[in-house]
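[1] this one's structure only:
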Ligand SMILES: *Cc1c(COP(=O)(O)O)cnc(C)c1O
């Protein structure tokens with residue numbers, strides 16, 4: 001990837017503000033992936049010194065018993081340095097910046113990508129500028145400022161923040177970490193698939209049959225597919241697991257497109273801010289992967305999300321933010337379609353401490 005080049009020119013020529021992106025690039029490696037190593041597009045020596053990834057895979061015994069699924073696992077990315085899965089992408093973008101001597105990175109975010117890039121930027125010594133809707137949860141905004149990033153508050157939604165940031169990076173030439181637009185945001189996220197397969201291997205638990213992924217813009221799910229595609233190519237897995245895009249009913253662009261074939265922009269409305277997008281920016285890419293590999297989608301309402309959040313907290317001891325709870329809620333909803341002996345992994349992408357307002361209400365406290 002050259003700095004400053006993002007989308008494929010011809011494919012993206014008709015892209016419009018506030019719409020899913022066509023022409024999102026995919027990292028391609030020469031030769032076959034090697035067993036046992038994770039191919040990444042930046043050499044290891046450029047990675048900043050901060051411990052990203054290698055998060056635990058939980059065996060939630062009480063939750064398993066309650067739901068009747070002995071093969072249920074929780075991939076706990078609440079433990080990332082900034083408290084969310086986004087660190088997997090941020091660390092790769094920071095490594096790329098270091099490789100190319102780039103001193104500033106800008107991005108738009110609903111909150112977690114911003115706090116993540118600010119966190120990694122602090123460790124790497126890179127200037128970070130973030131465009132964040134005013135409505136972003138307070139903890140995520142405080143994180144951004146604590147880590148020392150520049151915060152531009154947008155009087156509007158995430159979609160407006162995204163387009164404002166694209167304008168800024170186009171005009172200034174600053175490196176963009178906008179999700180989907182920068183292909184490294186997809187590539188960095190594939191590491192989770194490797195960790196899932198390797199952890200199950202160490203536990204002699206075989207291979208994952210189902211993976212539930214909380215989905216907004218569709219970058220995490222695309223990254224998860226990238227990882228499993230590599231693992232298929234090396235023969236480390238024999239078949240692609242069924243990947244489920246778990247979306248909020250009030251922000252379900254990818255789920256709708258999977259059944260109708262087209263993306264329509266609709267104002268989003270859900271308590272799960274991290275997966276609340278009007279237009280899924282990586283929609284076309286994610287949809288292509290879902291179709292190619294027989295992926296599925298499930299949508300859940302805010303009440304189901306809050307129930308699942310309480311379920312993970314009170315039965316597993318894992319307090320997650322609403323977006324992640326949506327993935328668990330998705331599994332709870334469709335579990336009747338899944339065999340009791342199958343291996344199911346639910347990706348829990350963000351810490352519950354990042355957005356306590358609704359969680360507080362669920363336990364009868366005003367926060
Ligand atoms: C960003 C985010 C998601 C959704 O990822 P997309 O790539 O937008 O689909 C899910 N959970 C958390 C905690 C996130 O921060």
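    Looks like it arrived, so ask away. From a predicted model like this one, the values you see are computed outputs, not experimental measurements.

[2] can you tell me what sits against the helix or strand hosting residue 298?
    Element membership of residue 298, judged by DSSP states H and E, is strand 296-300. In this structure, residues lying in contact with strand 296-300 by C-beta atoms under 8 Å, 6 or more residues apart in numbering are 212, 215, 242-249, 252, 254-255, 258-259, 290, 308, 326, 329-330, 333-334. No exception for glycine: its C-beta is placed from N, CA and C like everyone else's.

[3] out of these, which are close to the ligand?
    For the ligand, the contacts drawn from these by C-beta under 6 Å from any ligand atom are residue 215.

[4] list the contacts of residue 286.
    215, 218-219, 221-222, 245, 254, 280.

[5] among those, which ones are in strands?
    Using DSSP state E, residue 245 are the members of those that sit in strands.

[6] can I get the contacts of residue 286 in CSV with pLDDT?
    Output for the contacts of residue 286, formatted as CSV (pLDDT from 0 to 100):
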residue, pLDDT
215, 98
218, 96
219, 95
221, 98
222, 96
245, 98
254, 97
280, 93
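
[7] of the contacts of residue 286, which is the nearest to the ligand?
    Among the contacts of residue 286, residue 219 lies closest to the ligand (C-beta to the nearest ligand atom), at 3.2 Å.

[8] any idea how far residue 104 is from residue 24?
    Here the criterion is C-beta to C-beta, to the nearest Å. By it, residue 104 lies 23 Å from residue 24.

[9] who's more crowded, these two?
    residue 24 (28 against 16; other C-beta atoms under 10 Å).

[10] ok, and the closest non-adjacent residue to the more buried one?
    Spatial nearest neighbour of residue 24, chain neighbours left out: residue 285 (4.6 Å); criterion: C-beta to C-beta, 6 or more residues apart in numbering.

[11] quick revisit: so which of the contacts of residue 286 sit within helices?
    Mapping the contacts of residue 286 onto helices (DSSP state H) picks out 219, 221-222, 254.

[12] ok, back up a step: the residue nearest to residue 24 contacts residue 220, doesn't it?
    No - with contact defined as C-beta atoms under 8 Å, residue 285 does not reach residue 220; the gap is 11.8 Å.

[13] tell me the phi and psi of the residue of the stretch 51-200 of the chain found nearest the ligand?
    Residue nearest to the ligand within the stretch 51-200 of the chain (C-beta to the nearest ligand atom): residue 112, separated by 3.3 Å. Residue 112 adopts backbone torsions of phi -70, psi -40, taken as degrees, to the nearest 10.

[14] the closest residue in space to residue 293 that isn't next to it in sequence: what's it in contact with?
    In space, and not counting its chain neighbours, residue 293 is closest to residue 240: 4.6 Å by C-beta to C-beta, 6+ apart. Residues in contact with residue 240 (C-beta under 8 Å, 6+ apart) are 228-229, 232, 293-294.

[15] what's the answer for residue 301, then?
    Listed by C-beta under 8 Å, 6+ apart, the contact set of residue 301 reads 248-249.

[16] separation between it and residue 333?
    10 Å.

[17] quickly list what's touching both of those two.
    Joint contacts of residue 301 and residue 333 (C-beta under 8 Å, 6+ apart) do not exist.

[18] now, of the contacts of residue 240, which are buried?
    228-229, 293 (16 or more other C-beta atoms under 10 Å).

[19] closest to residue 364 out of those residues?
    Ranked by distance to residue 364 (C-beta to C-beta), the buried ones among the contacts of residue 240 are led by residue 228 at 41.2 Å.

[20] just the angle between the helix or strand that that closest one is a member of and strand 296-300, please?
    When elements are assigned from DSSP H and E, residue 228 belongs to helix 219-233. Orientation of helix 219-233 against strand 296-300 (axes from the mean of the first three to the mean of the last three C-alpha atoms, to 10 degrees) gives an angle of 150 degrees.

[21] surely the residue of the stretch 51-200 of the chain closest to the ligand is in contact with residue 87?
    No - between residue 112 and residue 87 no contact is recorded; they are 9.1 Å apart, counting by C-beta under 8 Å.

[22] ok, back up a step: enumerate the beta-bridge partners assigned to the residue nearest to the residue of the stretch 51-200 of the chain closest to the ligand when sequence neighbours are not counted.
    Distances taken as C-beta to C-beta, 6+ apart put residue 84 closest to residue 112, at 4.2 Å, once the chain neighbours are dropped. Here residue 84 shows beta-bridge partners residue 350, assigned using DSSP bridges.
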